[in-house]
Each structure stands twice: as C-alpha cells, then as structure tokens.
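In: I'll drop the sequence and a predicted model, then ask my questions.
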Amino acid sequence: DGDKTVTAHFTYVAEYTLTIIIDGECGWVIKSPDYPTYPHGTVVTLLAETISCFSFTHWSGDLSGSNNPEDITMDSDKTVTAHFTINFYTLDININGNGTVNKSPDLDEYHCGANVTLTAVPDPGWAFSYWSGDLTGSNNPTNIIMYGGDKTVTAHFTTGEYTLDINIDGNGYVIKDPDHATFPYDTTVELTAVPDPSWVFDHWSGDLTGGNNPETIFMDDNKTVTAHFSIAEPPEKPSIDGPTNGKAGTSYPY
C-alpha cells in the first residue's frame, strides 16, 4: 500500500547526583540503590551506620530529621549531611551502709570508653565489703569502663571488725577480756599480763605502751601488742652480824 515513514521520539531524562557528607567520627551512609547518578524521580534510601561508642543524630542539607533509614527523591542534585556524635553516659553511685565513694575523674557524664577509678571510703567503725550492680568484686580501689550505656554501682559497707594479735617476749601469757577472734569498732579490751614462775611482767609495746597491768586498748583498727616479761631478780640473802666461831650452847647477841 506504499512507502512508510516512522519517526522515533526520545525524551531526555535528567540524571542527578547525590552527595553524602559525614559530620563526626566513625560513621558512614549506605545508599540503596547506590549509583553515581540517578534518573529523575528515583527514590534512594539512606541508612546511617556507625561503630560502638558513636551514634547517628540527624540529617541536614537536602534531607532533615533523625529517621534512620530515610528516603530521598531525586528531582535535582542533592547534598545530604549525616551527623554522628560520641556517646556520653552517666555513672550513678549508691551506698549500702556508712561510707562514701570517690570518682576519678568526677564528672556528670563520661564519654564512651572512659576509664573511671572508684575508691570506697568507709566511715569510722565501718569497712568496705563489695561492689554490686554494673561492677562486681571487692577490689578497692577499682575501675569501671563506661561502655554500652549508663552505669549504676552500689558500694556495700559493713560494721568494722578488727583483730587483736598478742605477741610474747619472755615467759608468760596475756588474758584478753573479752576474748574474741575479732572485735567490733569501739570495743574496749582489757589485757592482763600473767608471768610464768620466776618471771615478772615488764612493759607493753606495739599498739599499747607503758607498764600498767592490767591495761585497756581501744579497738578502732587491727592491733598488735607485745607483752614483755623479764626474769625475776632473786631475793637478797639476809646479812648476819656476830661471831662466827662461838662455842656450842653459848648465846651471843646479834
């Protein structure tokens, strides 16, 4: 039926670039799909990722908000900035018993990975026992690494119990009243030195001094006392005045 003429009509489709800028350390953005350029109308999903101790905070530029992942429609060249920041955590200290805890450094918040030294300080008459919560064990001082979130630590204190060790120098022994393996804080203990035959008590040394016997000692810490004994001096022989060569049966004045 005749020659034909056909015209093909082509429409120009614009291609746009998507530039990603990173603000902060240790973060990156995954584009899906990931192309050098995008046709008009393409929807690109952006996913911000980071490593431990850092967090994505928000988008800026041609994308706003903090949704992650988030979509952007390519209708022009786009520039998006992903903002990241290091994490900060709080460290709360609770006390069970009587005492305090010193933090070094002592801050309101600590950046992720910070190493904090905790030192438990018991009140008079109390002793540190152990840690619980996000820290365990009984080392004092000890350290905690601020990682993974806010931390809460409890320091446990107990009423102090102290030992009283008695050493002997010479021959004798010591009576403790009361006589216990350990003594609560503020206990007064009476010590009585008892010498063996032919020995005498001389003096105390260590955490108790002087020569009083008996003597008392105040238990506000672990104590060590030495009781010193010495050999008793022999009694003096009586002196005799008068003749040493008299006759038997004769009386002589002395």
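Out: Good, I have the coordinates.

In: Run through the strands of the stretch 151-254 of the chain in chain order.
Out: 151-159, 161-162, 164-169, 172-177, 183-184, 187-195, 199-206, 215-219, 223-231 (DSSP state E, counting those that start in this stretch).

In: would CSV of the ones you listed with mean pLDDT, distance to residue 73 and mean neighbour count be doable?
Out: Using the backbone N, CA and C atoms, a C-beta is placed for each residue, glycine as well. Below are these laid out as CSV (pLDDT from 0 to 100; distance: least, Cβ to Cβ, whole Å; neighbours: other Cβ atoms under 10 Å):
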stretch, mean pLDDT, distance to residue 73, mean neighbour count
strand 151-159, 96, 43, 18
strand 161-162, 88, 73, 16
strand 164-169, 98, 82, 15
strand 172-177, 98, 88, 15
strand 183-184, 90, 76, 18
strand 187-195, 97, 80, 17
strand 199-206, 98, 86, 17
strand 215-219, 96, 79, 17
strand 223-231, 98, 81, 18
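
In: Would you map out the domains in the protein?
Out: Domain ranges of the chain: 15-86, 89-159, 162-231, per automatic domain parsing.

In: would you turn these into CSV with distance to residue 7?
Out: Converted to CSV, the domains of the chain look like this (distance: least, Cβ to Cβ, whole Å):
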stretch, distance to residue 7
domain 15-86, 24
domain 89-159, 65
domain 162-231, 105
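
In: and of those domains, who's closest to residue 2?
Out: Ranking the domains of the chain by proximity to residue 2 (Cβ to Cβ) places domain 15-86 first, at 39.1 Å.

In: ok, back up a step: same list, the strands of the stretch 151-254 of the chain, but as TSV with distance to residue 62 please.
Out: TSV is the format used below for the strands of the stretch 151-254 of the chain (distance: least, Cβ to Cβ, whole Å):
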stretch	distance to residue 62
strand 151-159	39
strand 161-162	69
strand 164-169	78
strand 172-177	84
strand 183-184	72
strand 187-195	76
strand 199-206	80
strand 215-219	75
strand 223-231	76
